[in-house]
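Peer 1: fold the following.
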Amino acid sequence: MLICLVFVVTHIPRVILACQAYLRAPSITKCYENGFKFVPPLSLVCLEAVSNLLILVGLKTLLLLRLGLTY
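Peer 2: Predicted coordinates:
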């Protein structure tokens with residue numbers, strides 16, 4: 001149960017980022033079609049960094065949990 005909880009909690013930001021990317025796709029396409037560069041909001045960039053960090057923390061935590069359960 002703990003392994004599932006760690007996995008879900010550490011992957012929530014990744015799901016949020018994927019949903020935002022899907023919802024922003026039309027506006028990003030319009031920017032490029034009109035010759036503009038798309039600059040993501042700062043909150044999105046920060047969430048991406050936090051998401052990457054949480055993935056690493058989650059992987060290490062899951063590894064330690066699995067080793068603890070095995071031995």
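Peer 1: please count neighbours and contacts with C-alpha atoms only from this point.
Peer 2: Noted.
Peer 1: how about the helices in the protein?
Peer 2: Along the chain, the segments classed as helices by DSSP state H run 2-33, 42-70.
Peer 1: packing partners for the last one?
Peer 2: Think helix 42-70. With contacts taken as 3 or more C-alpha pairs under 8 Å, 6 or more residues apart in numbering; DSSP states H and E, helix 42-70 sits against helix 2-33.
Peer 1: buried ones in the helix it packs on, by neighbour count?
Peer 2: For helix 2-33, the neighbour count (16 or more other C-alpha atoms under 10 Å) marks 6, 7, 10, 11, 13, 14, 17, 28 as buried.
Peer 1: and that helix, average pLDDT?
Peer 2: Mean pLDDT, computed over helix 2-33, is 92.
Peer 1: over to stretch 62-71?
Peer 2: When the per-residue pLDDT values of stretch 62-71 are averaged, the result is 84.
Peer 1: list the buried residues in that stretch.
Peer 2: Residues of stretch 62-71 classed as buried by neighbour count (16+ other C-alpha under 10 Å): residue 62.
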